[in-house]
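Participant: using only what follows, build the 3D model:
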Amino acid sequence: MINSLDIRRIRTMLAVGLASGALALFSACTVTADPGSGPQQEGNCGPDQEYAIGMSQANNAEPYREVMNSDITTAAAAVPGFKVTVADAAQDNSKQVSQVENFITQQIDLLIISPNEAKPLTAVVKKAYDAGIPVIVLDRKVEGDAYTAFIGGDNVAIGKAAGEYYAETLLPDGGKVVEISGLAGSTPAAERAQGFREGIEGNPKIEIVATQSGEWLREKGQSVMDALLKANPDIDAVYAHNDPMAEGAYLAADQAKLADKIKFTGIDALPIPSGGIKAVEQGRLQATFVYATGGREAIDLAKQILIDCKKDVPKSTTLGTEQITKENATEMYGKLGGKG
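Facilitator: Here you go, the predicted model:
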């Protein structure tokens, strides 16, 4: 005779068995794990299909990000089946997290993200990746490696090249420098600062007298420079982490009647009329350094993943740079596709 204890044991064994079987069936049908590229929704690749791509942009206020968005949408328009939706986080980490969560809910086929800051965006990028969505991290990094691929410049190398330019060419006899850095918490800001310090090591007469964040924005760079000049009116140069902040610093110095006494450099070198190359050509900046947007490269990689069904895509792609001064500004503007 079967007693009540035996009945409870049988029920428990049946429940565990059914749950295990359901979990195994769910796992087998929805996601395949690939050691090289991470989880990806099975069967969701190949030609002659429609693909929804979500682009999570840190902000649309910077000219660099406007060009990045344009590079992505233009390249995607040339790929049959690609449809890109761009979400602007407006430099708000929580807003960007929410936008990525929304993309996950919409079950997009691929996510491209340029994080506002690394740490706050890491978890939601991992959530998308673990959900089987291929993730291309563009320009700015997240922590860890829970993504499909990263595409961006070597910001330490760019910063070092800028520092060496100061040490050897711009301020060979030394001088006082103020640094206008990018948004605190973004990886390019930390890496461009680190690289610059490595670059000026060869010239101990160069001194960084102040560092302050301009948050990548021209207007903020101008207000920061105005305050820095009041405290440091005898500076020799401004190392700005991007061209808009360098231009803002120039405007502040010009208003203080000090622009002719100070040298300015930036980073980005966008081939547009309002970009850094034209600022060098016109004499406001002494130099800038190319920092490619990676937008076209991101769409090419998306094509490999979604249409070519390639699983062993490179985990990291480093884009090259080049120093631009007045001597090569006109040539580089044309070489990089500048118009107007």
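Participant: domain ranges for the protein?
Facilitator: Per automatic domain parsing, the structural domains of the chain span 40-152+293-319, 155-292+324-335.
Participant: can you give me how far stretch 193-202 is from the chain middle?
Facilitator: Here stretch 193-202 is found 21 Å from its chain centre; the criterion is Cα atoms, centre = their mean, to the nearest Å.
Participant: cool, and stretch 219-234?
Facilitator: How far stretch 219-234 lies from its chain's middle: 26 Å, per Cα atoms, centre = their mean.
Participant: low pLDDT regions in the protein?
Facilitator: 1-43 (pLDDT under 70).
Participant: all helices for it, in order.
Facilitator: Along the chain, counting by DSSP state H, helices occupy 4-30, 63-77, 93-105, 118-130, 155-165, 187-199, 218-231, 243-255, 276-281, 295-306, 329-335.
Participant: mind putting these in a markdown table, distance to V178 and mean neighbour count included?
Facilitator: (Glycine included, C-beta is placed from N, CA and C.) A markdown table is the format used below for the helices of the chain (distance: least, Cβ to Cβ, whole Å; neighbours: other Cβ atoms under 10 Å):
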| stretch | distance to V178 | mean neighbour count |
| --- | --- | --- |
| helix 4-30 | 54 | 10 |
| helix 63-77 | 22 | 19 |
| helix 93-105 | 27 | 18 |
| helix 118-130 | 25 | 19 |
| helix 155-165 | 14 | 23 |
| helix 187-199 | 12 | 21 |
| helix 218-231 | 5 | 19 |
| helix 243-255 | 8 | 24 |
| helix 276-281 | 18 | 25 |
| helix 295-306 | 32 | 22 |
| helix 329-335 | 24 | 17 |
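Participant: could I get the ones you listed as a markdown table with distance to S181?
Facilitator: Supplementary listing: the helices of the chain in a markdown table, determined by distance: least, Cβ to Cβ, whole Å:
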| stretch | distance to S181 |
| --- | --- |
| helix 4-30 | 44 |
| helix 63-77 | 15 |
| helix 93-105 | 18 |
| helix 118-130 | 15 |
| helix 155-165 | 10 |
| helix 187-199 | 5 |
| helix 218-231 | 9 |
| helix 243-255 | 8 |
| helix 276-281 | 17 |
| helix 295-306 | 24 |
| helix 329-335 | 25 |
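Participant: between those helices, which gets nearest to S56?
Facilitator: Closest to S56 of the helices of the chain is helix 93-105 (Cβ to Cβ; 5.3 Å).
Participant: which residues touch the closest one?
Facilitator: Helix 93-105 has contacts (Cβ atoms under 8 Å, 6 or more residues apart in numbering) with 54, 56, 58, 85, 87, 89, 111, 113, 115-117, 120-121, 123-125, 127-128, 131, 133.
Participant: let's go with 7 Å and repeat that
Facilitator: Outside helix 93-105, the residues within contact range by Cβ atoms under 7 Å, 6 or more residues apart in numbering are 54, 56, 58, 87, 89, 111, 113, 116-117, 120-121, 124, 127-128, 131, 133.
Participant: identify the residues contacting G175.
Facilitator: For G175, the contact set (Cβ under 7 Å, 6+ apart) comprises 206, 236-237.
Participant: go again using 8 Å as the cut-off
Facilitator: Applying Cβ under 8 Å, 6+ apart, one finds that G175 lies in contact with 205-207, 235-237.
Participant: then E201?
Facilitator: 163, 167.
Participant: what's the spacing between it and V209?
Facilitator: Per Cβ to Cβ, to the nearest Å, E201 is found 17 Å from V209.
Participant: what's the local residue count around I235?
Facilitator: By other Cβ atoms under 10 Å, 22 other residues sit near I235.
Participant: again, but for P80
Facilitator: Using other Cβ under 10 Å, P80 has 11 other residues around it.
Participant: if I pick it, what's in contact with it?
Facilitator: So P80 contacts 47-48 (Cβ under 8 Å, 6+ apart).
Participant: spatially, which residue comes closest to G202, not counting chain neighbours?
Facilitator: Distances taken as Cβ to Cβ, 6 or more residues apart in numbering place A167 nearest to G202, at 4.9 Å, with adjacent residues excluded.
Participant: how near is that neighbour to V177?
Facilitator: 11 Å.
Participant: try D234
Facilitator: Plainly put, D234 is 12 Å away from V177 if you go by Cβ to Cβ.
Participant: looking at the two, which is more packed in?
Facilitator: Set D234 next to V177 and count neighbours by other Cβ under 10 Å: V177 wins out with 26 against 11.
Participant: beta partners of that one?
Facilitator: Listed by DSSP bridges, the beta-bridge partners for V177 are I208, A237.
Participant: from what I can see it touches A240, true?
Facilitator: No: taking contacts as Cβ atoms under 8 Å, V177 lies outside contact range of A240: 10.6 Å.
Participant: now do the shared contacts for A167 and V177.
Facilitator: I206.
Participant: ok, now how distant is the closest residue to D226 other than its chain neighbours from V224?
Facilitator: Among residues not flanking D226 along the chain, A252 sits closest, at 4.4 Å (Cβ to Cβ, 6+ apart). Noted for A252: a distance of 8 Å to V224, by Cβ to Cβ.
Participant: ok, P271 next?
Facilitator: Separation of P271 from V224 (Cβ to Cβ): 26 Å.
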